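Chemist: Give me a 3D structure for the following:
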Amino acid sequence: MGFDDTNECPQLCKLAYEYLKKSKGCEDNIYEYFSKEAEPESLYVKLVEEFDRCILSYFTFHWSHASLMISQVLSVESEKKTKLKDFIMAAT
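Modeler: Alright, predicted model coming up:
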């Protein structure tokens, strides 16, 4: 997400890490993080979209490895890889 020091926003960095790993309940944890704010649904959607943009930016930056990543994603069909596959296909 561009933080030089993860201690600046430890909870946000933890949520990003959980989202990247697709840990069980990560979406619930993100929603809970915003539950006391005005319009938590909107903040949830914006943060998830930002996480998705960060993932796509990573693939864009490391484009030289794209063919290997695409081959790996297309070789195995599973629920966990479906979203990753969608990201990679969107980037290509």
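
Chemist: What is the neighbour count of the residue nearest to residue 26 when sequence neighbours are not counted?
Modeler: Leaving aside its chain neighbours, residue 26 sits nearest to residue 18 (4.0 Å; criterion: CB to CB, 6 or more residues apart in numbering). Just so you know, the C-beta spots here come from the backbone N, C-alpha and C atoms, and that holds for glycine as well. Neighbour count for residue 18, taken as other CB atoms under 10 Å: 16.

Chemist: so what does the strand or helix carrying residue 18 touch, helix or strand wise?
Modeler: Counting by DSSP states H and E, the element that carries residue 18 is helix 10-21. Where contact means 3 or more CB pairs under 8 Å, 6 or more residues apart in numbering; DSSP states H and E, helix 10-21 is packed against helix 26-33, helix 40-61.

Chemist: What are the buried residues along that helix?
Modeler: By neighbour count, with 16 or more other CB atoms under 10 Å as the criterion, the buried positions of helix 10-21 are 15-16, 18-19.

Chemist: can you list contacts of that helix?
Modeler: Outside helix 10-21, the residues that touch it by CB atoms under 8 Å, 6 or more residues apart in numbering are 1, 3, 6, 26-27, 29-30, 33, 47-48, 51, 54-55.

Chemist: ditto for stretch 31-40
Modeler: With CB under 8 Å, 6+ apart, stretch 31-40 has contacts from 11-12, 15, 41, 43-44, 47.

Chemist: which among the contacts of helix 10-21 end up buried?
Modeler: Buried subset of the contacts of helix 10-21 (neighbour count, 16+ other CB under 10 Å): 26, 30, 33, 47-48, 51, 55.

Chemist: picking up where we left off before, report the two of the buried residues of helix 10-21 separated the most.
Modeler: Pairwise distances across the buried residues of helix 10-21 peak at 7.4 Å for 16 and 18 (criterion: CB to CB).

Chemist: Return the residues in contact with residue 75.
Modeler: Per CB under 8 Å, 6+ apart, neighbours of residue 75: none.
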